[in-house]
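Engineer: Need a 3D model of the following:
(chains A and B)
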Amino acid sequence: MRILRRIGLYAVLGLAALTFIYPFLWMASSTFKPREEFGSLALIPDHFTLDNYRTMWARAPFGRALLNSTMVATTITLAVLVFGSITAYAMARLSFRGRPVLNAATLAVLLVPGQLTLIPLYTLIVQLGWIDTYTALIAPYLFNATAILMLRQFFLQIPQSLIDAARMDGMSELRILFTIFWPLSKPVLSIVAIFTFMGSWNEVLWPLLVVRDQQLMTLPQLLTVFALGGGAGSVGVSLASAMVLVIPVVVAYAFLQRNFIESMAGAGIKG
Amino acid sequence: MAAPYAVFLLAFAAYPIVFALVLVFLHWDLVTAPSFAGVDNLRLLINDGRFWRAVANTFVFLSIHVPLQIVTALGLALALNRKLAGRGFWRAAFFLPVVISGAVVAILWSNLYATDVGLINKLLVKIGLAPVSWLTDPNTAMPAIAVMVTWKNVGFYVIIYLAGLQYIPRSCQEAIEIEGASAWQRFRYLTLPSLLPQTILVVTLSTINGFQLFIEPYVMTGGGPLRRTYSVVLYLYTNAFAYQKMGYAATIGVALALIIGAVVFIQRRVIGKAEAL
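Structural biologist: As a prediction, the model looks like this:
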C-alpha cells in the first residue's frame, strides 16, 4: 500500500513536470523541423534542418536585438546594484533631512500599479525627445524601489562597529559601502541582480511604446513584432526567433536555479 | 548620497502620478497642443462599452485563473512537501515557465492551441476526442488564455505555499495525528487554515496579475474573437498607440488602478469573513 502510494506520487509529479518541460522541448525540436513536420508530436525531427534559423536571422535584425537586450539589461542591472546600494546605504546608515519622507515614498511607489503611470511616463519620454533611444529604455529603470528596500533591510543588519572603525581609518562612505558592505552582501546583491536582469530581459510593453526603429528593438519586442507582422511566415521560423530569447535564460537557469527561484519568488512577493 | 534617487522619484514616479490625474482632463494627441477636456474622458469611460467589455473579460479570466491557480499550486506544493528523491529537480521543473518571457510563452501556446496542427488537439484526437478551436471560439478563447497563464505562474505560487508549509508547527501535526484524524481532516482543519496568509497572497497577486494581462491577448488573439479576450491594458495601449488619445488612455489607467484597489480590498474582506465562520 505504502509503495503503491509512493509510485502514485512520483507518477503525478512526473506527469506535472512533463507538462512544464515538454512544451519547451517541443518548441526547441520544432525549430529544427522542416515545414511538413510541424504538426508532429515527435521530439526528434525526421529531416533535421537549420533553415528556420537562417530565415529568421535574415528577415529581421535578431543579432542586433540580442545586443540591444544584453546592453539594456546589463546597464539597468549595474545601475540598480550600484545606485541602489548607494541610496540604500544612505537610507539605512546615514542621517539626513528628508530620510523618513524618502522611506515612505519608496514604499508608496510599490503600491502604485504600473498602468497608472504608463501613459504619463510615455508622454514625458516623447516630450524629452527620447523616443527611439536607448535612454528611453534605460532611464525609467535606473532605480528600483524593491531593490532599494531589500538592500536597505540587509544593510540595517550590518554592525555599526564596522562603520565606526572604517571611519576612524578615514575611509569615505562610498569606500565603506563598496569595500566593507558589498562583500558582506553577496546573497542580497545576487537576488537583486537576477530579478532586475530578468525583469528587463523579458519586458515587452514599455519597449513597444517607446521604440519603433527595428534597429533599437529589444528581443522580446522584435519577437512580438515579427510574429504579429507575419514576418515569420511559418511556425518553425517564429519559434526559432523565440529560441534566441530563451536559450540564454535556460542556460543561466540550469546553473543558478536555486538563486533564480529565491530571487524571482522573493521579488514578486515584495514587489 | 540619496539626492539622485530623490530626483529620480520626482521625475519618474511623482510627476507621472500627478500628471496622470491631469491627463484625465485633457485631450492630447501628442502632435497638437493639449486642450482642456472637462469631464469628456470620464463621460466617455462610463459609456464606453469596449472598456467595460474589457473589464468583464478580466473577471471571466479571474474566475477561472484564481481558483485554478490556488488548486494547482497547493496540490503541487503538498506533493513536494514530503521526503522525495530529486526534490530540487521537481521544484526547478515547475518553476521553469516563470523565468521564460511572457512573449515567448504566448507564441509557444498559440502553436499548442492551434486548431489543425496544435499539440493539444493532436493529443485530443489521439485519445478519441473532437478537436477544439481553442483561440478562435469566443467561448473558449479566454479560458484557454487563463489556463496558459496559470501554467506559466504556478511554480511561483508553489514556492509561496512551500514556504508556508514549513511554518506549520510539528507539534500540531503530531497532535492531530494522535487524535486519529484522517488525511482529509488533517488537510481541512490544520493545513488549509494554516496556509490562509499564503492563500490571501496568491489571490491578491494573481488578481493584480490578471488585471495586467497584455502580451497574451496581444500576441495570441489580438483581443478577439468578438473582443472576448480584449484586456484593459490592451485597450489602454491601443488608445495611446493606435488612436493617439493620451487623455483617454491615462483615464483608463487611473480607472484600472482604482478597480484593482477595490477588487483586492473586497477580496480581503470576503476572505477575512470566511475565515471567521
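Engineer: Is there a neighbour count for residue B:72? I'd like the number.
Structural biologist: Residue B:72 has 19 neighbours, counted by other Cβ atoms under 10 Å in any protein chain shown. The C-beta positions use only the backbone N, C-alpha and C, and glycine is treated the same way.
Engineer: Same check on residue B:260?
Structural biologist: Other residues close to residue B:260 by other Cβ under 10 Å number 21.
Engineer: Might one say that it is in contact with residue B:209?
Structural biologist: No: assessed by Cβ atoms under 8 Å, residue B:260 is found out of contact with residue B:209, at 10.3 Å.
Engineer: where does the stretch 51-200 of chain B have low pLDDT?
Structural biologist: For the stretch 51-200 of chain B, applying pLDDT under 70 flags no range at all.
Engineer: residues from it in reach of chain A?
Structural biologist: Taking Cβ under 8 Å from any Cβ of the partner chain as the contact definition, the stretch 51-200 of chain B meets chain A at B:76, B:79-80, B:82, B:84, B:88-104, B:107-109, B:111-112, B:116-117, B:119, B:122-123, B:151, B:155-156, B:159-160.
Engineer: What's the ChimeraX syntax to select whichever of those are buried?
Structural biologist: Restricted to buried positions by 16 or more other Cβ atoms under 10 Å in any protein chain shown, the ChimeraX selection for these reads:
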select /B:76,79,80,84,90,91,92,93,94,95,96,97,98,99,100,101,102,103,104,107,108,109,111,112,119,122,151,155,156,159,160
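Engineer: Take the residues of the stretch 51-200 of chain B next to chain A and keep only those in helices.
Structural biologist: Judged by DSSP state H, the subset of those located in helices is B:76, B:79-80, B:88-99, B:102-104, B:107-109, B:111-112, B:119, B:122-123, B:151, B:155-156, B:159-160.
Engineer: what kind of secondary structure is residue B:135 in?
Structural biologist: In three-state terms, and counting by DSSP: H, G, I helix; E, B strand; the rest coil, residue B:135 is coil.
Engineer: so which helix or strand takes in the spatially most central residue of chain A?
Structural biologist: Taking Cα atoms, centre = their mean, the centroid of chain A lies closest to residue A:198, which sits 1.3 Å from it. If you go by DSSP states H and E, residue A:198 is part of helix A:186-202.
Engineer: With residue B:191 as the reference, measure out to the residue of chain B positioned farthest from its centre.
Structural biologist: The C-alpha centroid of chain B is most remote from residue B:178, which lies 40.6 Å away (Cα atoms, centre = their mean). Separation of residue B:178 from residue B:191 (Cβ to Cβ, to the nearest Å): 17 Å.
Engineer: need the strands for chain B, in chain order.
Structural biologist: Remark: strands assigned in chain B by DSSP state E are B:26-27, B:35-36.
Engineer: Mind giving me the packing neighbours of the last one?
Structural biologist: Using 3 or more Cβ pairs under 8 Å, 6 or more residues apart in numbering or on different chains; DSSP states H and E as the contact criterion, the elements in contact with strand B:35-36 are strand B:26-27.
Engineer: So the strand it packs on, near chain A or not?
Structural biologist: No: applying Cβ under 8 Å from any Cβ, one finds strand B:26-27 separated from chain A by no less than 9.9 Å.
Engineer: Not counting sequence-adjacent ones, nearest residue to residue A:249?
Structural biologist: Leaving aside its sequence neighbours, residue A:249 sits nearest to residue B:99 (Cβ to Cβ, 6 or more residues apart in numbering or on different chains; 5.7 Å).
Engineer: what sits against that neighbour?
Structural biologist: Residues near residue B:99 by Cβ atoms under 8 Å, 6 or more residues apart in numbering or on different chains: A:198, A:249, A:250, A:253, A:260, A:264.
Engineer: Measure how the helix or strand hosting the second one sits relative to helix B:102-113, angle-wise.
Structural biologist: Residue A:249 is part of helix A:235-270 when elements are defined by DSSP H and E. Compare the direction of helix A:235-270 with that of helix B:102-113 by axes from the mean of the first three to the mean of the last three Cα atoms, to 10 degrees and you get 130 degrees.
Engineer: buried sites along helix A:235-270?
Structural biologist: Neighbour-count burial for helix A:235-270, counted by 16+ other Cβ under 10 Å, picks out A:235-246, A:249, A:252-253, A:257, A:259-268.
Engineer: Contacts only, for residue 216.
Structural biologist: You didn't pick a chain, so chain A it is. Contacts of residue A:216 (Cβ under 8 Å, 6+ apart): A:68, A:132, A:133, A:134, A:137.
Engineer: meant chain B, my bad for not saying
Structural biologist: Applying Cβ under 8 Å, 6+ apart, the residues contacting residue B:216 are B:102, B:105, B:106, B:145, B:148, B:149, B:231.
Engineer: hmm, stretch A:38-53 touching chain B?
Structural biologist: Yes: judged by Cβ under 8 Å from any Cβ, stretch A:38-53 and chain B are in contact via A:38, A:39, A:41.
Engineer: and of those residues, the nearest to chain B?
Structural biologist: Checking these against chain B with Cβ to the nearest Cβ, the nearest one is residue A:39 at 3.8 Å.
Engineer: For residue A:32, see how far away that closest one is.
Structural biologist: Residue A:39 is 15 Å from residue A:32, by Cβ to Cβ.
Engineer: Which of those two has more residues huddled nearby?
Structural biologist: Counting neighbours by other Cβ under 10 Å for residue A:39 and for residue A:32 shows that residue A:32 has the greater number, 21 against 16.
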